[in-house]
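Visitor: Prediction below, plus the sequence it came from.
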There are 2 protein chains.
Amino acid sequence: MNDRKNSEKRGTYHHGDLRSQLIEATRVLIEEKGPDHFSVSEACRRAGVSSAAPYKHFKDKGEMLHAVALAGMHRQREQMLAELALYAVGTLDRIVAMGRVYVRFAMNEPGVFRLMFSLSDGHAENKELVATGDNTFLVVKQEVANCRSSDEVSAEDAHRAFLLWSFVHGLSFLNIDEKLVGKNIAFDLEHVLKDVAERVLR
Amino acid sequence: MNDRKNSEKRGTYHHGDLRSQLIEATRVLIEEKGPDHFSVSEACRRAGVSSAAPYKHFKDKGEMLHAVALAGMHRQREQMLAELALYAVGTLDRIVAMGRVYVRFAMNEPGVFRLMFSLSDGHAENKELVATGDNTFLVVKQEVANCRSSDEVSAEDAHRAFLLWSFVHGLSFLNIDEKLVGKNIAFDLEHVLKDVAERVLR
DNA sequence: AACATATGTTAGAGCCTCTTACTTTGACAA
DNA sequence: TTGTCAAAGTAAGAGGCTCTAACATATGTT
């Protein structure tokens, strides 16, 4: 079988696993320099290929970024589900848990987070990205419904989920963009998340 | 006196008002193509000068963007103060008014809004930008304090102002990045703002 | 009137994205 | 086993970008 998929051996003309190594190099670069200063050329240098190589795998630079963003959304989703598993269904703890994952993800991977949400370059036209995002928001809505002891997501549940999302989204951006430093804002994440969850879920 | 400051006459070797015309061209371009796809060259073409001209007025591209961002922050602040003047001191209406201005500004000038908050390229190091932002947030804190019938801004007031800011910030971004379309979210701005203001101010 | 300074210009270095044409490799059918 | 083809590399380069250096021309001060 083809055991070259495991990214180890190069030295051959064909790389074997260029696509995923480019995505990883891109991800690292984005965290180092931000999504704006990322260059395909640099990613190529790190992957050890010529600067024309990526175009066998991606239509253009934007498609590389989309791949990184999509992988990020999957990571975020998985982290959310993993954290949710730790708390009892229908408790506020689960709402807090989702918020924690959201904000922490932004702190841990600010570059990718910005890419996922802020770089709107054809994101809305990318079916996969939109579907993944919708899917994650569906989880939030379901959790809100559970918290309010209903199984089906009502319009009111959706509205409250939306309030929660807006809040953690704004908090994440203000935080990674350092708009909060020196503004005398006591910022204990757990406390803030609990506070907001209570206010929104009554 | 120097009446060439009024941007009209060119045809002369010296432009007369290049700095501000470059800022305006940049602003327009950013709204047309987004802050990422803005190019100095294009702004020069529109202003009718060579692509080296801007460097007599700005250190680099980033400084041009800072100028646009700063002008945006001043516009935002002025709109906020103008809107505040319409409502009685200490009322929830004033909180709603500030939120309205914030979200509307983001909708009307998404490119500049993104620039102001999201492009964190040395923003934190730019004293003027930071000071202007702090100043605007001070207004919010003061309004929250007024709403809770105290003149001085307590830590609790600051905390609530911060919750409000996070919320409208997130809402603005989700909105302009079109993350809300097709997610069955009833989005009546006035209603949402009132709802949130009540939840946060008890 | 003459000069210093501010603010334009042209030319070009060095970087980037992406295309074209060519090369190498691996897979698979005969 | 070998011949062929598609996949996935490479080198070269067009065209665009940022920014610098060297030069040119207005402006305002003296």
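Guide: Structure received. Residues are numbered from 1 along each chain as shown, chains lettered A, B, ... in the order given.
Visitor: From now on I want contacts and neighbour counts done on CA atoms only, so please keep to that.
Guide: Noted.
Visitor: Is any residue of the longest helix anywhere in chain A near chain B?
Guide: Secondary structure of chain A per DSSP state H: the longest helix is helix A:61-84. No: shown here: helix A:61-84 not in contact with chain B (C-alpha under 8 Å from any C-alpha of the partner chain), separated by at least 11.9 Å.
Visitor: Tell me the backbone dihedrals of A:P35, please.
Guide: Dihedral pair for A:P35: phi -60, psi -20, per degrees, to the nearest 10.
Visitor: Nearest spatial neighbour of it, chain-adjacent residues omitted?
Guide: Spatial nearest neighbour of A:P35, excluding adjacent residues (C-alpha to C-alpha, 6 or more residues apart in numbering or on different chains): A:G111 at 5.9 Å.
Visitor: Next one: that neighbour relative to A:Q21, how far apart?
Guide: In this structure, A:G111 and A:Q21 are 18 Å apart, going by C-alpha to C-alpha, to the nearest Å.
Visitor: about what we covered before: give me the mean pLDDT for the longest helix of chain A.
Guide: Summarised as a single mean, pLDDT over helix A:61-84 is 97.
Visitor: Would you mind pulling up the elements that it packs against?
Guide: When contacts are defined as 3 or more C-alpha pairs under 8 Å, 6 or more residues apart in numbering or on different chains; DSSP states H and E, helix A:61-84 sits against helix A:18-33, helix A:92-108, helix A:110-117, helix A:127-147.
Visitor: where does the residue of chain A at minimum distance from chain B sit relative to A:G62, distance-wise?
Guide: Among all residues of chain A, A:G170 sits closest to chain B, at 3.4 Å; criterion: C-alpha to the nearest C-alpha. To A:G62, A:G170 is 25 Å away according to C-alpha to C-alpha.
Visitor: ok, the two, which is more surrounded?
Guide: Taking other C-alpha atoms under 10 Å in any protein chain shown, A:G170 and A:G62 do not tie; A:G170 has more neighbours (24 against 14).
Visitor: Contact partners for that one?
Guide: B:W165, B:S166, B:F167, B:V168, B:H169, B:G170, B:L171, B:F173 (C-alpha atoms under 8 Å, 6 or more residues apart in numbering or on different chains).
Visitor: check which helix or strand covers it.
Guide: Element membership for A:G170, per DSSP states H and E: helix A:155-176.
Visitor: which parts of that helix are buried?
Guide: A:157-176 (16 or more other C-alpha atoms under 10 Å in any protein chain shown).
Visitor: What of stretch A:99-109?
Guide: A:G99, A:R100, A:V101, A:Y102, A:V103, A:F105, A:A106, A:M107, A:E109.
Visitor: tell me how far it is from the chain's mean position?
Guide: From the chain centre to the centre of stretch A:99-109 is a distance of 8 Å (C-alpha atoms, centre = their mean, to the nearest Å).
Visitor: Any part of it near chain B?
Guide: No: residues of stretch A:99-109 are not located near chain B by C-alpha under 8 Å from any C-alpha, the shortest gap being 12.0 Å.
Visitor: Please list the outside residues in contact with that stretch.
Guide: Identification of contacts with stretch A:99-109 by C-alpha under 8 Å, 6+ apart yields A:31, A:76, A:79-80, A:83, A:112-114, A:168-169, A:171-173, A:175-176, A:189-190, A:193.
Visitor: May I see the buried residues of stretch A:113-130?
Guide: Residues of stretch A:113-130 classed as buried by neighbour count (16+ other C-alpha under 10 Å): A:F113, A:R114, A:L115, A:M116, A:F117, A:S118, A:L119, A:S120, A:D121, A:H123, A:L129, A:V130.
Visitor: Grab the nearest non-local neighbour of the first one.
Guide: Meaning A:F113. For A:F113, ignoring the flanking residues on the chain, the nearest one in space by C-alpha to C-alpha, 6+ apart is A:A106 at 5.4 Å.
Visitor: per-residue pLDDT, that neighbour?
Guide: 98.
Visitor: Check the gap between it and B:K59 for me.
Guide: Relative to B:K59, A:A106 is positioned 31 Å away (C-alpha to C-alpha).
Visitor: One more: A:A71?
Guide: Taken as C-alpha to C-alpha, the span from A:A71 to B:K59 is 37 Å.
Visitor: which of these two has more neighbours?
Guide: Neighbour tally, A:A71 and B:K59, criterion other C-alpha under 10 Å: the higher count belongs to A:A71, 18 against 10.
Visitor: List the contacts of the more buried one.
Guide: Contact analysis of A:A71 by C-alpha under 8 Å, 6+ apart lists nothing.
Visitor: Just give me the neighbour total for A:V192.
Guide: Burial of A:V192 is recorded as 18 neighbouring residues (other C-alpha under 10 Å).
Visitor: burial count for A:A53?
Guide: Neighbour count for A:A53, taken as other C-alpha under 10 Å: 17.
Visitor: ok so, going back, what residues sit buried inside the helix or strand just after the helix holding A:G170?
Guide: Proceeding N to C from helix A:155-176, the next assigned helix or strand is helix A:189-201, under DSSP H and E. Buried residues in helix A:189-201, counting neighbours by 16+ other C-alpha under 10 Å, are found at A:V192, A:L193, A:K194, A:V196, A:A197, A:R199, A:V200, A:L201.
Visitor: quick one: the second one and A:V96 touch, right?
Guide: Pointing back at A:L193 there. Yes: A:L193 lies in contact with A:V96 (C-alpha atoms under 8 Å); the separation is 5.6 Å.
Visitor: How about the residues of chain A by DNA strand D?
Guide: A:13-18, A:48-54, A:56-57 (C-alpha under 7 Å from any atom of the strand).
Visitor: Just the buried residues of these.
Guide: For the residues of chain A next to DNA strand D, buried by 16+ other C-alpha under 10 Å: A:H15, A:G16, A:L18, A:V49, A:A53, A:P54.
Visitor: Return the distance of A:N135 relative to DNA strand C.
Guide: 29 Å (C-alpha to the nearest atom of the strand, to the nearest Å).
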